[in-house]
Every structure is written in C-alpha cells, then in structure tokens.
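In: what follows is a predicted protein model with its sequence.
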Amino acid sequence: MQRSIDLAEVVKLNHGYARSIDEDALEIWPGFFAEDCLYRITTADNYARGYEAGLMYADTRAMLEDRVKSLRIANVYERHRYRHILGMPAVSEASGADICSETSFVVIRIMRDGTLTVFATGKYVDRMRHDESGRLVFSERIVVCDNSNVDALLAIPL
C-alpha cells in the first residue's frame, strides 16, 4: 500500500534523532530505528564505489543499544558532544511502505574545554517505514561523510 508522504513527519524523525545525540540522550537514540535495521557511517568515496564496510556499522537495533552501553561503560575516549545542523529532507522515492530521503548535515564537535570544530559534513541517505504502532522509524540510515579523513575520535554516532 502506497502511503502519502508527510514531510513534517520525516523532519520530526530527523530532528528527534539529532537531538537525542546532541543532548546526550543516547539511550533513546536506538528507538529511532526499526528492530531489523542498518546503520552505517562511511565516506563519500566509499559510498560512491559501493563499498559496504563502514566506520561504524550495525544491522539491528540491539547492536545500536550495545553501542550505547559500550559508550557509557567500556569505551575510553575524550568526552565531547555534538551539535547537528540539518538541511531539509529531500524525499527521493516512496514505494510501498518505504520512504526514502536524503538530508544534508553539519556536525560541530564541542570538546570539554569549549573548543569547537566542524567535525563532519555530509548527507544521511535514509529508508524509513512506519512500525506496527504507526510511528516512522529508520529501517536504514547511511551516514555519508564528505571528508575522507575521519577523526579517530568517532565514538558517538553521527
């Protein structure tokens, strides 16, 4: 069944996702994804070449939840936070139950000492669907970074 596309619903999903990261509410971040999902961070070059490997990769919501647990308990990294600046989603197709879009982003990294740097720019390439409760979730989010040199401090999801 073809559903009409509610751009406001796509915008709300994108902004909720970014806010969960920016406000360090990482425990709710996996909830923006379907149980069976794909989350991958890659470079524009690798994406253009069709390479599947990513700098960060998960193919289930449970893997995303594990990522958050490891950030909170096990990983050792210099504390920092992000601020996302998002473009307007461009819906590229809608077929059946899926909605596809691309959204440009800029992520500013804020270190504990207050230093600000542009950490990443790029686009989110998304496939979304409504879950059993009717809520829009990501079934696939590929984070395509414009920069080919990615800082080793990629701990927090983009």
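Out: Now that the structure is in, tell me what you want to look at. Only a predicted model underlies this, so the values are computations on that prediction, with no experimental measurement involved.
In: ok, E65 - how many residues close by?
Out: Using other CB atoms under 10 Å, E65 is surrounded by 17 other residues. For the C-beta atoms, the positions are set from N, CA and C on the backbone; glycine is no exception.
In: kindly apply the preceding question to A58 instead.
Out: 21.
In: helix or strand next in line after the lowest-mean-pLDDT helix or strand in the chain, which one?
Out: Within the chain, confidence by mean pLDDT, DSSP states H and E is lowest for strand 90-95 among all helices and strands, at a mean of 79. Once the chain leaves strand 90-95, the next helix or strand it forms, by DSSP states H and E, is strand 98-111.
In: which helices and strands does that following strand pack with?
Out: Counting contacts by 3 or more CB pairs under 8 Å, 6 or more residues apart in numbering; DSSP states H and E, strand 98-111 is packed against helix 7-22, strand 80-86, strand 90-95, strand 116-130.
In: if we go to 10 Å?
Out: Judged by 3 or more CB pairs under 10 Å, 6 or more residues apart in numbering; DSSP states H and E, the packing partners of strand 98-111 are helix 7-22, strand 80-86, strand 90-95, strand 116-130, strand 136-145.
In: could you tell me the angle between that strand and helix 7-22?
Out: 30 degrees (axes from the mean of the first three to the mean of the last three CA atoms, to 10 degrees).
In: how far does strand 98-111 sit from its chain's centre?
Out: 7 Å (CA atoms, centre = their mean, to the nearest Å).
In: got the buried residues for that strand?
Out: The neighbour-count check on strand 98-111 (16 or more other CB atoms under 10 Å) flags I99, C100, S101, T103, F105, V107, R109 as buried.
In: name every strand pairing with that strand and say which way it goes.
Out: strand 80-86 (antiparallel), strand 90-95 (antiparallel), strand 116-130 (antiparallel) (DSSP bridges).
In: just name the most buried of the ones you listed.
Out: strand 116-130 (a mean of 18; mean count of other CB atoms under 10 Å).
In: avg pLDDT for that one?
Out: Taken as a whole, strand 116-130 has a mean pLDDT of 96.
In: chain center to it: distance?
Out: 5 Å.
In: and the angle from it to strand 136-145?
Out: Using the same axes, to 10 degrees, strand 116-130 lies at 140 degrees relative to strand 136-145.
In: quick one: contacts for the nearest residue to I85 once chain neighbours are set aside?
Out: When the adjacent residues along the chain are set aside, I85 lies closest to V106, with 4.4 Å between them (CB to CB, 6 or more residues apart in numbering). V106 makes contacts with R83, H84, I85, L86, G87, V118, F119, A120, T121, G122, D146, as judged by CB atoms under 10 Å, 6 or more residues apart in numbering.
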